[in-house]
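**Q** For reference, the sequence and a predicted model appear below.
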Amino acid sequence: MINTNETLKDAGLKVTNPRTKILDVLQSNPGMHLSADEIHIKLVDHNESIGLATVYRVLTQLELAGLIQKNQFSDNQSSYEIKKQHHDHLICTKCGKIIEFMDNNLEALQEEISDKYQFRLDSHVMTLFGVCKDGNCKK
């Protein structure tokens, strides 16, 4: 569990109630990829009076500070998670299940391809879409 106040200070951000509460929501939902709306609902459920516009503004600040990662899994909505070790995603197009994975062979292949084309790779995002094996999805 991260110390929210120290994390904000270390990132050069002032410790404010909206920032700490939003980080707390993301931290208390590990492995989940929450939209701004879902974060706002969780705040309201905990009697926090933080508006949706503030949630969006704080998420942008936290992303720019490198504390959270923004994901774009669909055309119309972003999701957020606490920034952690690099990983990629598998997304089920039927049920929306998100599987995080890390594959060293895949990472090495990306480096090899970058070298082949004399391209300096700074970062990458890989999201694979398909159908998971759960329940009705595999039919």
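**A** Happy to help now that I have it.
**Q** all contacts plus neighbour counts: C-alpha atoms, from now on.
**A** Will do.
**Q** From residue 102, how far out is the residue of the chain positioned farthest from its centre?
**A** Among residues of the chain, the one most distant from the C-alpha centroid is residue 116; the distance is 30.3 Å, by CA atoms, centre = their mean. Distance, residue 116 to residue 102, using CA to CA, to the nearest Å: 22 Å.
**Q** do the same with residue 63
**A** Relative to residue 102, and taking CA to CA, residue 63 is found at 21 Å.
**Q** Between these two, which has more neighbouring residues?
**A** Using other CA atoms under 10 Å as the criterion, residue 63 and residue 102 rank with residue 63 on top: 16 against 12.
**Q** The more buried one contacts residue 70, doesn't it?
**A** Yes. Counting by CA atoms under 8 Å, residue 63 touches residue 70, with 6.9 Å between them.
**Q** Tell me the predicted confidence for the residue farthest from the centre of the chain.
**A** Looking at residue 116, its pLDDT reads 94.
**Q** Thanks a lot, catch you later.
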